[in-house]
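Enquirer: structure for this input, please:
(one chain, ligands or ions: 3)
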Amino acid sequence: GDGPPSEHAGSSEARSDSIKKREALSSVVALGANIICNKIPGLAPRQRAICQSRPDAIIIIGEGAQLGINECQYQFRYGRWNCSALGEKTVFGQELRVGSREAAFTYAITAAGVAHAITAACSQGNLSHCGCDREKQGYYNQEEGWKWGGCSADIKYGIDFSRRFVDAREIKKNARRLMNLHNNEAGRKVLEERMKLECKCHGVSGSCTTKTCWTTLPKFREIGYILKDKYNKAVHVEVVRASRLRQPTFLKVKKSQGYRKPMDTDLVYIERSPNYCEEDATTGSVGTQGRLCNRTSPHTDGCDLMCCGRGYNTHQYTKVWQCNCKFQWCCFVKCNTCSERTEVFTCK
Ligand SMILES: *[C@@H]1O[C@H](CO)[C@@H](O)[C@H](O)[C@H]1NC(C)=O
Ligand SMILES: *[C@@H]1O[C@H](CO)[C@@H](O)[C@H](O)[C@H]1NC(C)=O
Ligand SMILES: *[C@@H]1O[C@H](CO)[C@@H](O)[C@H](O)[C@H]1NC(C)=O
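Expert: Ligands and ions are numbered 1, 2, ... in the order given. As a prediction, this is how the structure comes out:
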């Protein structure tokens, strides 16, 4: 040994994080993957099997799903539908019963979230069985004159893992399955297309005699905005029942002539959205009662649209603070008390 391991300044937070993670992991191992995996609600049999064979990955999967849910809540914070739903709670949040464009968004964002989290964990050495993208390591890009170096994020691994785990919940052979699988794939594809190339120059005083490059993950927020845009342009599709058993076989754009298929990165839906105004167990809508709204906004966060014409309650309160503070000779500060009446509005 060369003495005690040195500690890098500023790494104590990461270290305590690492200890927490290791503790979480060891408690998973101690409790037995079996027990943990049987306690997670709503896992399909194949997902349970993956959970049992890869208990380290299940923590990252949970983080990836949460990444997706958080992004969904952010993107829809001003909408009548705010990413909440009634019904059974799963690793992926509550599931929407209606095959709507909102359901399409949640599937795409969670599939992308899991792929993102797994890939990030691999790059940082937090997961067994994966690491940096070794296929690229050491190769030259002849045309552009740089070399692959550093740690390229292994997005193929993350995407493949997301495909195996997230898609395994589609066990019913129905139209919804085709819709969900398409949207999962669309979310992952958007992520893959947004991978970034980062480069660094080497050489005397910053000259670029040699250049090394590696791929990195995009910020997840970027994926959120792209998928939100795709949500706005989501494509209404219907299933085509082919084969002798007349099972749903593929999706075609509704009302298209012939069999026009949706594009790989389109979000697709098979049912119209409810208006999400009232609580409704059959559609999974939680309604907008109690939601904050903006009295003057003409958009969906405005009280007219948000409250669906039911009206709103006004809550008045008085904000008090110290203001106009002046330094007085010598030695004290004199302030006035300012106050302002403030109102917030919530839907009836
Ligand atoms: C990897 O582990 C380190 C230390 O536990 C932690 O700080 C980091 O957030 C983890 N990264 C991912 C992507 O889980
Ligand atoms: C969404 O709206 C419901 C109903 O008003 C509310 O209970 C819930 O807390 C909201 N969720 C978020 C993430 O804002
Ligand atoms: C309400 O909406 C108006 C118009 O869109 C905007 O200028 C204002 O900042 C909003 N108020 C709040 C509290 O968000």
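
Enquirer: only C-alpha atoms from now on, for both contacts and neighbour counts.
Expert: Noted.

Enquirer: what is the neighbour count of the closest residue to residue 101 other than its chain neighbours?
Expert: Once flanking residues are discounted, residue 101 sits nearest to residue 269: 5.2 Å by Cα to Cα, 6 or more residues apart in numbering. The number of residues packed near residue 269 is 30, by other Cα atoms under 10 Å.

Enquirer: which residues does residue 269 form a beta bridge with?
Expert: The partner list for residue 269 in beta bridges (DSSP bridges) reads residue 236.

Enquirer: low-confidence ranges, the chain, go.
Expert: 1-33 (pLDDT under 70).

Enquirer: quick check, central residue of it?
Expert: Closest to where the C-alpha atoms of the chain average out (Cα atoms, centre = their mean) is residue 68, at 1.7 Å.

Enquirer: give me the distance between it and residue 111.
Expert: According to Cα to Cα, to the nearest Å, residue 68 and residue 111 sit 8 Å apart.

Enquirer: picking that back up, just confirm the residue nearest to residue 101 contacts residue 99, I think it does.
Expert: Yes: with contact defined as Cα atoms under 8 Å, residue 269 reaches residue 99; the gap is 5.8 Å.

Enquirer: and the residue nearest to the centre of the chain, which helix or strand is it part of?
Expert: Assessed by DSSP states H and E, residue 68 sits inside helix 55-75.

Enquirer: what strands line up against the following helix or strand past that helix, and which way round?
Expert: Where DSSP H and E defines the elements, the next helix or strand beyond helix 55-75 is strand 89-90. Here strand 89-90 has these sheet partners by DSSP bridges: strand 93-94 (antiparallel).

Enquirer: which other residues reach the partner strand?
Expert: Strand 93-94 is contacted by residues 65, 69, 84-88 when judged by Cα atoms under 8 Å, 6 or more residues apart in numbering.

Enquirer: of these, select the buried ones using a ChimeraX command.
Expert: Those of these that count as buried under 16 or more other Cα atoms under 10 Å are selected in ChimeraX with:
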select :65,69,84,85,86,87
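
Enquirer: ok, and which of the contacts of strand 93-94 reach ligand 2?
Expert: residue 84 (Cα under 6 Å from any ligand atom).

Enquirer: now the contacts of strand 93-94 in JSON lines, with distance to residue 308?
Expert: Putting the contacts of strand 93-94 into JSON lines (distance: Cα to Cα, whole Å) gives the following:
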{"residue": "65", "distance to residue 308": "31"}
{"residue": "69", "distance to residue 308": "25"}
{"residue": "84", "distance to residue 308": "18"}
{"residue": "85", "distance to residue 308": "18"}
{"residue": "86", "distance to residue 308": "19"}
{"residue": "87", "distance to residue 308": "23"}
{"residue": "88", "distance to residue 308": "26"}
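
Enquirer: for ligand 2, state which of the contacts of strand 93-94 is nearest.
Expert: residue 84 (5.5 Å; Cα to the nearest ligand atom).

Enquirer: surely the closest one meets residue 286?
Expert: Yes: contact between residue 84 and residue 286 holds when scored by Cα under 8 Å: they sit 6.9 Å apart.

Enquirer: show the backbone phi and psi for residue 146.
Expert: Torsion angles at residue 146 (phi, psi; degrees, to the nearest 10) stand at phi -140, psi 170.

Enquirer: how much space between the closest residue in space to it that isn't next to it in sequence and residue 154?
Expert: Closest residue in space to residue 146, ignoring its immediate chain neighbours: residue 211 at 4.9 Å, by Cα to Cα, 6+ apart. As for residue 211, its distance to residue 154 is 20 Å (criterion: Cα to Cα).

Enquirer: those two: which is more packed in?
Expert: For residue 211 versus residue 154, neighbours defined as other Cα under 10 Å are more numerous around residue 154 (23 against 18).

Enquirer: nearest spatial neighbour of that one, skipping sequence neighbours?
Expert: Counting by Cα to Cα, 6+ apart, the residue nearest residue 154 is residue 133, at 4.4 Å.

Enquirer: great, nothing more from me.
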